[in-house]
Every structure is written in C-alpha cells, then in structure tokens.
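sequence plus predicted model, see below.
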Amino acid sequence: MIPHQNRNLKFRLHEIIFEADTKAGRIFDLSLFWAIGLSVVVVMLETIPSLHEKYVSTFYLFEWIFTGLFTLEYFLRIYCVKKPFSYIFSFY
C-alpha cells in the first residue's frame, strides 16, 4: 500500500507532467520546450570552432545541466505513472 503523502505527490506530479490543460502542466510543457530548444542551440553553437575553443568549459557545463534535467524529467515520469515498466518499454 502506498502511503497517503506519496499518493498525493504521485498524483500531483502526474497532473503536472501529463496534463497540459492545467496551469502547472502548461508551465511544465513550456519549460521543457525551452530547455530542449536551448539544448539544441548550445549543441549548434558548440560546432562553431571559434566558439568551441573559447567556451568549451561552458558548453560542457550546459550539456551536463541539460542531461541532468532531462534525466530527472524522465525519472519523474516513471515515478508517477501507474505502470512504470509499461511506460519504460512503450517506445519499442
């Protein structure tokens, strides 16, 4: 049996992550959209040799930050769904 607090947390996270018709869900979706876009921009800028040489450490840091954020988002999705294994393997 899942404790009451964990059920409420899972329900709230599910609502934020999967329900785009709530204010929190829209904020989450827009934040994720911007993070993806910024991640792509960082990767594109890193391919410019002069920028890569000058900002290699900054690009490296941003890549790890985005990787951490996207990993956290994925684990939160797994945590708050009813059937985690079905969700994990649903992309095959």
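Structure's in. What do you need?

what's the nearest residue to residue 20 if we skip its chain neighbours?
residue 29 (5.3 Å; C-beta to C-beta, 6 or more residues apart in numbering). Bear in mind the C-beta positions are built from the backbone N, C-alpha and C, glycine included.

please determine how far the one you found is located from residue 22.
10 Å (C-beta to C-beta, to the nearest Å).

who's more crowded, those two?
Set side by side, residue 29 and residue 22 show more neighbours around residue 29, with 15 against 12, by other C-beta atoms under 10 Å.

if you count neighbours, what's buried in the longest helix along the chain?
In the chain, taking DSSP state H as the definition, the longest helix is helix 49-80. For helix 49-80, burial by neighbour count (16 or more other C-beta atoms under 10 Å) applies to 55, 59, 62, 66, 76, 77, 80.

what's the average pLDDT for it?
Summarised as a single mean, pLDDT over helix 49-80 is 96.

following that helix, which helix or strand shows up next?
helix 84-88 (DSSP states H and E).

helices and strands around that following helix, which ones?
With contacts taken as 3 or more C-beta pairs under 8 Å, 6 or more residues apart in numbering; DSSP states H and E, helix 84-88 sits against helix 49-80.

the helix it packs on - contacts with which helices or strands?
Applying 3+ C-beta pairs under 8 Å, 6+ apart, we find helix 49-80 packed against helix 4-18, helix 23-46, helix 84-88.

run the chain-centre distance for the longest helix of the chain.
10 Å (C-alpha atoms, centre = their mean, to the nearest Å).

before we move on, what about stretch 25-37?
Worked out by C-alpha atoms, centre = their mean, stretch 25-37 lies 8 Å from the chain centre.

and that stretch, which residues are buried?
So, applying 16+ other C-beta under 10 Å, buried residues of stretch 25-37: 25, 28.

so for that stretch, mean pLDDT?
96.

excluding covalently adjacent residues, which one is nearest to residue 63?
residue 42 is the one closest to residue 63 (C-beta to C-beta, 6+ apart), at 6.7 Å.
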